[in-house]
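Enquirer: Sequence and computational prediction follow.
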Amino acid sequence: MIKTQIFTVLVIIVMGIPWLERTNRFANAQQNNPASSDPLTKSIFTQFNAMALLFHQDDVNDLSFCMKNITEEWNEAFDFSHDTRFLANCIQKNNGNLAQRLCTAADIKFYISTISEAEKQGFKTSSYVKGNKNCNLTSWVSGCEPGWSCAAPKDVQVDLTNKEDMPYRTSNCEPCCEGFFCPTGLTCMIPCPSGSYCPLAQLNPQTNICDPYRYQPPPGATNHTCGGADVWADVTSSREVFCPGGYFCPSSVEKHSCEPGHYCRLGSTYETECFQFATCNRGSVNQNITAYGIMTCAGLILLLLIFYNCTDQVITTREKRKAKSREAAAQSAKELAQERWRSAKETAKRGLSRTFSRKKSSMPEPSQGATSSKEEMHDIEEDPEDRDTVSVDIEAKKAKKELKAKKLHTRSEIFKYAYGQIEKEKAMEQEQADLTFSGVISMATEASYRSRPKIEVSFEDLTLTLKGTKKHLLRSVSGKISPGHVSAVMGPSGAGKTTFLSALTGKARGCTVNGSILINGKRESMNSYKRIIGFVPQDDIVHGDLTVEENLWFSARCRLPAKLSRAEKVLVVERTIESLGLQHVRDSLVGTVEKRGISGGQRKRVNVGLEMVMEPSLLILDEPTSGLDSSSSQLLLKALRREAHEGVNVCMVVHQPSYSLFRMFDDLILLAKGGLVAYLGPVSQVEEYFSGIGIHVPERVNPPDHYIDILEGINTTSGVNYKDLPLKWMTHNGYPIPPDMQDPDLKPESSHGSTSTVGGHDDRSFVTELWQEFKDIIHMKNDSFLSYFSRRKDLSNRITPGAVQQYRFFLGRVAKQRIREARLQAVDLLLLLIAGISLGTLAKVSDENFGAVGYTYTIIAYSLLGKISAMRSFTSDKLQFWRERSSGMSCFAYFFSKDTIDQFSTIIKPAVYLCTFYYFNPPRSSLLDNYVVLLCLLYCVSGFAYALAIYLDAGAAQLWSVLLPVVLTLISTQNDEKGSIIPLLKKLSYPSWALEAFVLANAERYRAVWLLTRCAAIAKRGYDLRDWKYCLMRLLLAGLGFRALALFLLVFCQKK
């Protein structure tokens, strides 16, 4: 295949331009070219060009793989109409017998077969000889030697278009003319292309080599001198024919040195002017544009500094404006609440002035007051227009209210005042619930108080068993947790406290759940109420690079009802900050392991506040007081009790609270080892129950500490076996006792979750156990996968912001995080600069392989650095995402917001890398071509990095991100071998697409004398010059495909 293509290249490019076009050019050049006016020269030129009529369009199309515009490139390489002096000189030298020496189509075909054989050997030799009618073992005239040619007999008519038969040329042998080359084994001449330099050779007496070529005169032939050029092939085997670097050759017989301020690459036909600040001495092969690289780097750094500083300033200004708007919203909400409260209060006073006197002695009976209050409020509701007096009173007191409000100047004071009023109203509602002001309170807080739906969770004989084993995580748990109560779950380590909470919220994966869980008396899935259920994990999973207020505000915006006004959302956030005591750290970063922020106790309260701001109806907390001191624990529990006063069902795991904290709980769930219940009921009755079974709390001993010591088996002074406590509780409440717990001969470990069989011996083989474990894993994955597709009816009656609106919220949050990671991103850019300097200095772009080696190293280094930085987008906050995702936030908004912000780096990083690599080692391809390829490459590898970061752990993801670019790039540089899998892997690997795009963009710039080198190299690699855009499209489509895979993994492959 390569042989045929090279033959077509040589034959067509030698015969060049269509005959009519060349003839017209020849006629136009006669005035400026004295040699062209010679009739003999004109005749030879016409015959020479007539051979173009021999070839059909199909032959031309065969070259489209290495030439985009074939006619234009042929014109550039073999159009001698502008200067035919070398042709006239050769005619004069041969006494007008030039046509007898020119190669025919059959001669060129023979030459192609020769260099094709040499190409198979890696061009190790350019003098490979193949026998023909003129040059063989029995006939070897001097014209068969390199650089020499012979003429056909004068009486023989030479047909230059004959492809089949080579004419006999064995007479009148002499050196090849200047501007032509005469291959070994042929006795004819072929013109040298543009960009070549083909002078007559001179014998070097020291080496006996015909300089500047590589051949030697035949030994013993004293009358045989050095001839002309002997070969034109690829640059590796025929570099001496190419115009040297630092020189330019207007024709194949002229060579001029590059002037200062210009540079001339290998094979140049003209000198190229250097850039203004570039360094170009006389004879420069390339321009030194390092100064431009330094200026570009400085400009990029300046732009990035301006961008980050301005963006930070914009964010600060925007936050100030938001603060003012939040202040105005809170002020408006405060005034509205006060007006409604005072309006309702004054109305009630007018109707009940005698009934509700401030003096206790004049207070009427509750029944009379209640009747009159209800009648009065009923009259108001029936005739809403009859409230003129109330409005007048409101206007009369408005001036006094405004005077008091004017005393509040700062934003924190206004917010504190507004929330103080709301908290006071809620407290009065609870205190006067048994009086007749219930209707008044309802009217007063109509706008600022939203009743939450109540959730009562009852469970009966709840048992959790690990799939594939007989291990019980929970067993025979019955009871309920009620709205308006704060329930504490306590027990020794390993009792199943966290498992119990996971079972209630439907988060227990990989377990078989038996028994029933009822919500408000109905068998409904807990996921149906996901939008009004808050779950606080044991670990403090919050965003460390956001402030306290930003964490809470983001959770509120995404999880509160979409129809809720901005003012009401602000009040919710401020109320949470106030109740949790976070006012003085609201603008402080939470902090991470690397960067210290707020204290651990404050971080724990922020962790709880993320669920409080969404106003849940059921709030589950896993050890919220762990790590807190006594005062912080009391502050947190008071905030939770205020939530319970609004009807929230609060259930939390607590480890040995103090007595003051213990008395603040309403209910207690005390679990024993094995997930069994030792007590479930009101806190006020726990001591009475345990006293009834013989367990008394000693003086000055904290009751929960005493009970847990007994359940642990540490305290045995009561004489009651801790293993019997669950049985006593079941007997006390009349619950059915499992049969195996009634059997005294059964080993106690079996009731506590032992995985052993009843017989105490397991005869299963290793293979059987391995197969069973594999099936259990498949079942667990299947349950997890199917849970994503289960569409349950939403019973929460809450419509949260959709994916598009959440995308806007996520976009703002990710932008803030990226700006605060400016130092880390600066390190990424610095590494790119160092990589560009190193590769630009060490891996020079070679003309022999069109820069393939330097581009190979570029793909490896650039892919590696791009993947590592892209993986941080999803590895740094993976736990935070899992928490947000379980609360109902959109995966799509999260993913696309990250990807959108990362496109800024995708645009910047190629420019940063090229400002060192390109300017330190400039290839022939343009800066824009290299930038576009790097842009598409980074888009591809970043999508791949997303998939690795989402599916794998951080360590494994980093390992794969290092190995894959190296392995895939090495595969893309391997030669195709029949019967191997390498060609298939090359077609599917993104480094091969990027390398092909780089090489093609660079190879297109090699013209004229480089055509044979370009076509041979492209054919050998299996590339096509027309595929440059397709390579870019493959990279972009691969990037989209990897992103689709990453999104799929994000949605369906959540780690547990």
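Expert: Structure received.

Enquirer: Kindly provide the distance from Val253 to Cys90.
Expert: The gap separating Val253 from Cys90 is 10 Å, by Cβ to Cβ, to the nearest Å. To be clear about C-beta, it is placed using only N, CA and C from the backbone, and glycine gets the same treatment.

Enquirer: er, Arg557 I mean
Expert: For Arg557 relative to Cys90 (Cβ to Cβ), the value is 85 Å.

Enquirer: Need the residues touching each of Val253 and Cys90.
Expert: Shared contacts of Val253 and Cys90, defined by Cβ atoms under 8 Å, 6 or more residues apart in numbering, comprise 178-179.

Enquirer: The two - which one has more neighbours?
Expert: A direct count of neighbours by other Cβ atoms under 10 Å for Val253 and Cys90 places Cys90 higher, at 24 against 21.

Enquirer: I'd guess Asn1002 is in a strand, am I close?
Expert: No: looking at Asn1002 with DSSP: H, G, I helix; E, B strand; the rest coil, it is helix, so not inside a strand.

Enquirer: need the helices for the stretch 751-900 of the chain, in chain order.
Expert: 766-789, 803-820, 822-842, 852-875, 878-886, 891-920 (DSSP state H, counting those that start in this stretch).

Enquirer: so which of those gets nearest Lys68?
Expert: Of all the helices of the stretch 751-900 of the chain, helix 852-875 sits nearest to Lys68, with 19.9 Å by Cβ to Cβ.

Enquirer: Run the chain-centre distance for the closest one.
Expert: With Cα atoms, centre = their mean, to the nearest Å as the basis, helix 852-875 stands 12 Å off its chain's centre.

Enquirer: which parts of stretch 849-865 are buried?
Expert: 849-852, 854-865 (16 or more other Cβ atoms under 10 Å).

Enquirer: oh, I was asking about stretch 838-845
Expert: Buried-residue list, stretch 838-845, by 16+ other Cβ under 10 Å: 839-840, 843, 845.

Enquirer: Repeat that for stretch 724-738.
Expert: Buried residues in stretch 724-738 (16+ other Cβ under 10 Å): 725-730, 735, 738.

Enquirer: Which pLDDT does the model give Pro250?
Expert: pLDDT for Pro250: 87.

Enquirer: Could you measure from it over to Arg872?
Expert: Distance from Pro250 to Arg872, by Cβ to Cβ: 56 Å.

Enquirer: same check, this time on Thr138
Expert: The gap separating Thr138 from Arg872 is 75 Å, by Cβ to Cβ.

Enquirer: likewise Ile533?
Expert: On the measure of Cβ to Cβ, Ile533 and Arg872 end up 31 Å apart.

Enquirer: of these two, who's got more company?
Expert: Ile533 (26 against 17).

Enquirer: who's in contact with the nearest residue to that one once chain neighbours are set aside?
Expert: Of all residues not flanking Ile533 in the chain, Leu618 sits nearest, at 4.7 Å (Cβ to Cβ, 6 or more residues apart in numbering). Applying Cβ under 8 Å, 6+ apart, we find Leu618 in contact with 455, 457, 483, 529, 532-534, 648-649, 651.

Enquirer: returning to what we had before: taking the helices of the stretch 751-900 of the chain together, which one is wrapped up most tightly?
Expert: Highest mean neighbour count of those: helix 852-875, a mean of 22 (counted as mean count of other Cβ atoms under 10 Å).

Enquirer: That helix - contacts with which helices or strands?
Expert: The helices and strands touching helix 852-875, judged by 3 or more Cβ pairs under 8 Å, 6 or more residues apart in numbering; DSSP states H and E, are helix 822-842, helix 891-920, helix 927-951, helix 954-972, helix 990-1003.

Enquirer: Let's see that with 10 Å instead.
Expert: helix 803-820, helix 822-842, helix 891-920, helix 927-951, helix 954-972, helix 990-1003, helix 1028-1052 (3 or more Cβ pairs under 10 Å, 6 or more residues apart in numbering; DSSP states H and E).

Enquirer: now the shortest one: mean pLDDT?
Expert: What it means is helix 990-1003. Mean predicted confidence for helix 990-1003 is 91.

Enquirer: Please apply the same query to the second one.
Expert: Averaging pLDDT along helix 822-842 yields 86.

Enquirer: which helices and strands sit right next to it?
Expert: By 3+ Cβ pairs under 10 Å, 6+ apart, helix 822-842 packs against helix 290-351, helix 803-820, helix 852-875, helix 891-920.
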